[in-house]
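Trainee: fold the following and give me the result.
(chains A, B, C and D)
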Protein chains: 2
Amino acid sequence: MTDFLAQRDAWSTANCSIARALDVVGNRTALLLLREASFGTRRFDDFARRAGVSEPVAAARLKQLVADGLLERRPYREPGQRTRDEYLLTAKGRDLLPVLAALRQWGDAYAVDDTGPSVTVTHRDCGAAVQVRLRCDVGHDVPPDEVAVLPGPGLRKA
Amino acid sequence: MTDFLAQRDAWSTANCSIARALDVVGNRTALLLLREASFGTRRFDDFARRAGVSEPVAAARLKQLVADGLLERRPYREPGQRTRDEYLLTAKGRDLLPVLAALRQWGDAYAVDDTGPSVTVTHRDCGAAVQVRLRCDVGHDVPPDEVAVLPGPGLRKA
DNA sequence: TAGCTGACTTTTGTTTCCCTAAGTCAGAGG
DNA sequence: CCTCTGACTTAGGGAAACAAAAGTCAGCTA
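Mentor: The predicted model follows:
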């Protein structure tokens, strides 16, 4: 284990968490729908219009997000309306929000136009801006170049 | 501004940082190549083989990542070899690592098989596990349900 | 009971992504 | 000068993702 990364070819990525996560949210629409879910959207046509995708795609992706356990489909009823289904984030779906936050942070820094970002994200309790950070369990802030990659229990040999 | 999110239909996502970020890394291959870059891969055929993509796709995506400024192409020379080009992460590319870290964290929790994750990520200086966290500028840890979304300077009306 | 509306589905066609297989090409090594 | 190797490119094709337009359908509302 002298230099794990130098032996990159000795281990495979068959069980890679990143690749597995991308199997679920590796397409644009899934993440845009989750963005809208995090904004509080719950109804079908709102998802489609606000995420900017066509209805067939919205229907297919929402169905898959429910199947993957990121959204839960639940009947609800507004006063004077008939019963409908709404889509709500599950815990599993909420745990993807750091991915959205990281994408937003990068987009804020590198990909918005001159006017700046269209939304800002703050801490509800104190109003301060929210950032995505890497932190170790001891409590240190970890800059990207201080991360070490080590073999995990599920490592497969090439 | 009573309830910004309740008026979701009043603002558009034309300038959305998430959507813009997805224009750059919204495909599976780009993120897998960045994963390999973060593992230290620098040569063309290593990228293709380790990311598990075909050579034509690796060539096209690497070219685009260079054009987008996430990777830098630089000549280098190994002893006894001829001059070649290597691909190195730029600062702009390194700033995407939190996205990969967030995906890995989610995959570790929800998408690996029984044996556990294939790699673990630790703080080089202290050895403790690294986590992705949301934190406000005041210093609070921010759970996903305590984030507030507010209008930003670049907001466009619908 | 007739119509309306929200939530989809169906159809058709385009674009993007990715593959395999087979080139090309430049520059050391022999 | 010839060959080998690493780094691509070209050609051909399949699958997935997406869009627009036009249904379908269930259950209030009138």
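
Trainee: so A:W11 makes contact with B:F39?
Mentor: No: under the criterion of Cβ atoms under 8 Å, A:W11 lies out of contact with B:F39, with a separation of 10.2 Å. In short, each C-beta sits where N, CA and C put it, glycine included.

Trainee: who's more crowded, the two?
Mentor: Per other Cβ atoms under 10 Å in any protein chain shown, whichever of A:W11 and B:F39 has more neighbours is A:W11, with 19 against 16.

Trainee: contacts only, for that one.
Mentor: Applying Cβ atoms under 8 Å, 6 or more residues apart in numbering or on different chains to A:W11 gives the contacts A:151, A:155-158, B:118.

Trainee: what about chain A, any weak spots by pLDDT?
Mentor: A:1-2, A:79-80 (pLDDT under 70).

Trainee: residues in contact with whatever residue of it ends up closest to DNA strand D?
Mentor: Proximity to DNA strand D, evaluated over chain A using Cβ to the nearest atom of the strand, is greatest for A:R82 at 2.4 Å. By Cβ under 8 Å, 6+ apart, no residues touch A:R82.

Trainee: backbone dihedrals for it, please?
Mentor: Phi and psi for A:R82, reported as degrees, to the nearest 10, are phi -90, psi 170.

Trainee: try A:E55
Mentor: Per-residue torsions, A:E55: phi -60, psi -40 (degrees, to the nearest 10).

Trainee: so it makes contact with A:F47?
Mentor: No: no contact is recorded between A:E55 and A:F47 when judged using Cβ under 8 Å, the distance being 9.5 Å.

Trainee: who's more crowded, the two?
Mentor: When A:E55 and A:F47 are compared on other Cβ under 10 Å, the one with more neighbours turns out to be A:F47, at 24 against 12.

Trainee: and the more buried one, what element?
Mentor: Assigned by DSSP states H and E, A:F47 belongs to helix A:44-51.

Trainee: which parts of that helix are buried?
Mentor: Neighbour counts over helix A:44-51 (16 or more other Cβ atoms under 10 Å in any protein chain shown) mark A:44, A:46-51 as buried.

Trainee: one more: stretch A:66-85?
Mentor: A:66, A:68, A:70-72.
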